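1. how would this look folded up:
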Amino acid sequence: MSEVYQIPDEPKAGRWENLATQPLWPLLAGMLGGPIFGWAWLILNALAFGSPTIKKEVALVLSGWVGLIGFTLLTFYSVHVGLLPKEAIPYMRIANSVIFLSVSYLIFLMQNRSFGIYEYYGGHVASGWIGLFIGFFIGPELERIQAEQLVIPLIEALL
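-> Now for the predicted structure:
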């Protein structure tokens with residue numbers, strides 16, 4: 001019985017290997033298109049090149065999404081009960097950007113370390129320009145749909 005040596009950070013390319021891009025592209029697409037598109041692409045990228053930290057990345061995305069929704073609900077509830085003035089809402093949205101960028105950057109750092117190994121050993125690297133443009137045009141629409149279908153009904157139910 002022979003054992004195979006495995007590097008702990010060694011990526012194992014998945015069936016979507018042709019879609020693997022530098023982790024910077026999904027990060028930039030998220031900045032242009034919002035959290036839904038950016039985080040979905042980061043997870044797709046992790047699956048494509050076989051990120052060894054995929055479970056942590058998915059957990060970060062889920063916790064970030066819950067954090068964004070929760071902080072939004074907390075902000076509107078605080079305004080409703082009088083803890084915050086209505087004028088504070090735009091300033092509280094800055095915290096949503098901080099949550100999104102923090103989670104995205106942490107995932108970027110996790111992927112970047114393993115992606116270097118993947119690329120060095122000949123893994124396919126696709127260009128991210130197309131995804132960046134798709135994120136720019138589709139991302140804001142996804143954010144609007146999430147707001148209309150999830151966030152606004154939750155706020156109305158809370159208030």
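
2. Distance check, the spatially most central residue of the chain against Leu60.
-> By C-alpha atoms, centre = their mean, the chain has its centre lying nearest to Trp39, at 2.1 Å. Relative to Leu60, Trp39 is positioned 9 Å away (C-beta to C-beta, to the nearest Å). From N, CA and C alone the C-beta is placed, and that goes for glycine too.

3. Show me whatever sits in contact with both of the two.
-> Val103, Ile107 (C-beta atoms under 8 Å, 6 or more residues apart in numbering).

4. what pLDDT does the residue nearest to the centre of the chain get?
-> On pLDDT, Trp39 comes in at 95.

5. hang on, it packs against Ser63?
-> No: applying C-beta atoms under 8 Å as the test, Trp39 and Ser63 come out as separate, 11.0 Å apart.

6. what's the overlap in contacts for those two?
-> Val103.

7. What's the mean pLDDT across the lengthiest helix in the chain?
-> The single longest helix within the chain, with elements called by DSSP state H, is helix 89-120. Helix 89-120 carries an average pLDDT of 91.

8. Where in the protein is the helix or strand with the lowest mean pLDDT?
-> None of the helices or strands of the chain scores lower by mean pLDDT, DSSP states H and E than helix 152-158, at a mean of 79.

9. residues of that helix that come out buried?
-> Of the residues in helix 152-158, Ile155 count as buried by neighbour count, 16 or more other C-beta atoms under 10 Å.

10. Quick one: list the elements packing against it.
-> Judged by 3 or more C-beta pairs under 8 Å, 6 or more residues apart in numbering; DSSP states H and E, helix 152-158 is in contact with helix 54-81.

11. How far does stretch 100-116 sit from its chain's centre?
-> 9 Å (C-alpha atoms, centre = their mean, to the nearest Å).
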